[in-house]
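Participant: I need the structure of the sequence given here:
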Amino acid sequence: MTRLQRACALVAALALLPLPVSAQSAPVIRVLNLGGDGGSLGAYALAGGFFKKYGLEATVAGTSSGGAVVAAVVGGSAEVGFSNLMSVAAALGRGIPITIIAPSTVFTSKAPDIVLAKARHSPLRTGADLNGKIVAVTTLDGEQQLGAEVWVDKTGGNSKSVRFVELPESSMAASLVQGRIDAAMMTGSYFGQARNAVELLGNADAAIAPLYISGVYFAATSWVDAQPDAARRVAQALRETAHWVNTHHAETVPILERITGLDAPSIAAMTRSTFAESLSVPELQPVLDAGLAYGQLKVPLDTRAIVAKALIYWGK
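Facilitator: Model (predicted):
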């Protein structure tokens, strides 16, 4: 064999060897968010370079319903999705094979980023005033509806008499003004944008508990089992992003402007979402207990097992 033949053979052999990690293609992750501040941790992670930092090629898209996110992740059109905890818990209760990999939003009664709104000058005051009325939420049988139901009952009303309808947040303010609905659960982004047309009816989610994790990121269990390293990288990127957003509101304003279409002064006036920097059973339990009591969750879930599985990816 000539020197040239030996060199060609060596090159051919080397071409068959596995590439080093740094030279391999980064995992491509499709992330599905909801709109507004609280539903956009994935968008913050993309814009802030955190997915890149953890070796991921991510794309982030948005939709208007937590139920639609669950369907997309289970159907394989996205690897990771954000939804309210109640919708994810209900899916788990029905045996749908999904796994929570990271917490996202935290509801705190001191700085609520979701409120029950009404049209300005509406005479509605208490839950009793909502008996027989129409209340809009982004996802039927989700955490927004749960908060409204608990608030109605705790303020003298009968939540079973309330008719809940599903609407995208972008149309809630107009629907309130036009009288097509009586109240709506609105996030800080949209409530702040429509302050000339709507006003606060109640801090509904505080009726569940003063503090709890309200939203999570999850993936299909089959994908998590097949790609545990990619799932861990996604969760770690989201965890670092959560701390960054919580402590860098000014730097995230341009990102939120692109997400919501709000201008900087409007964002400065709104209540910003808080993102989870811890994950524990007590932080998940209030929503699961209320969901079971109100029939949105048909069977009790093992919260400890859910948290233990998530911590494999998100960490302690």
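
Participant: alpha carbons only for contacts and neighbour counts from here, please
Facilitator: Fine.

Participant: separation between residue 57 and residue 202?
Facilitator: 41 Å (C-alpha to C-alpha, to the nearest Å).

Participant: Settle it for me: which of those two has more neighbours?
Facilitator: residue 202 (22 against 15; other C-alpha atoms under 10 Å).

Participant: pretty sure the more buried one contacts residue 112?
Facilitator: No: Residue 202 is not in contact with residue 112 according to C-alpha atoms under 8 Å; the separation is 10.5 Å.

Participant: quick one, strands of the stretch 51-200 of the chain?
Facilitator: For the stretch 51-200 of the chain, the strands defined by DSSP state E, counting those that start in this stretch cover 57-63, 80-84, 98-103, 105-108, 114-119, 134-137, 163-166, 183-187, 198-202.

Participant: Kindly calculate the angle that the last one makes with strand 183-187.
Facilitator: Here strand 198-202 runs at an angle of 100 degrees relative to strand 183-187 (axes from the mean of the first three to the mean of the last three C-alpha atoms, to 10 degrees).

Participant: Run the angle between strand 198-202 and strand 114-119 for me.
Facilitator: 120 degrees.

Participant: Extract the C-alpha set from strand 198-202 and format it as CSV.
Facilitator: This file holds the C-alpha atoms of strand 198-202, laid out as CSV (Å, rounded to 0.1, in the frame of the first residue of the first chain):
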residue,chain,number,x,y,z
VAL,A,198,-61.3,47.3,32.4
GLU,A,199,-60.8,47.3,36.2
LEU,A,200,-60.2,44.8,39.0
LEU,A,201,-63.0,42.7,40.2
GLY,A,202,-61.0,40.4,42.5
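
Participant: Which neighbouring elements make contact with that strand?
Facilitator: The contact analysis (3 or more C-alpha pairs under 8 Å, 6 or more residues apart in numbering; DSSP states H and E) places strand 198-202 against strand 114-119, helix 172-177.

Participant: pLDDT (mean, whole number) over stretch 64-82?
Facilitator: Averaged across stretch 64-82, pLDDT comes to 89.

Participant: Can you give the distance from that stretch to the centre of its chain?
Facilitator: 11 Å (C-alpha atoms, centre = their mean, to the nearest Å).

Participant: distance between the ends of that stretch?
Facilitator: End to end - C-alpha to C-alpha - stretch 64-82 spans 11 Å.

Participant: what's the answer for stretch 70-84, then?
Facilitator: Length of stretch 70-84, first residue to last, C-alpha to C-alpha: 10 Å.

Participant: just stretch 160-179 next, same as before
Facilitator: With C-alpha to C-alpha, one end of stretch 160-179 sits 21 Å from the other.

Participant: Likewise for stretch 110-122?
Facilitator: Start-to-end span of stretch 110-122 (C-alpha to C-alpha) is 25 Å.

Participant: Kindly state the pLDDT recorded for residue 193?
Facilitator: If you check residue 193, the pLDDT there is 81.
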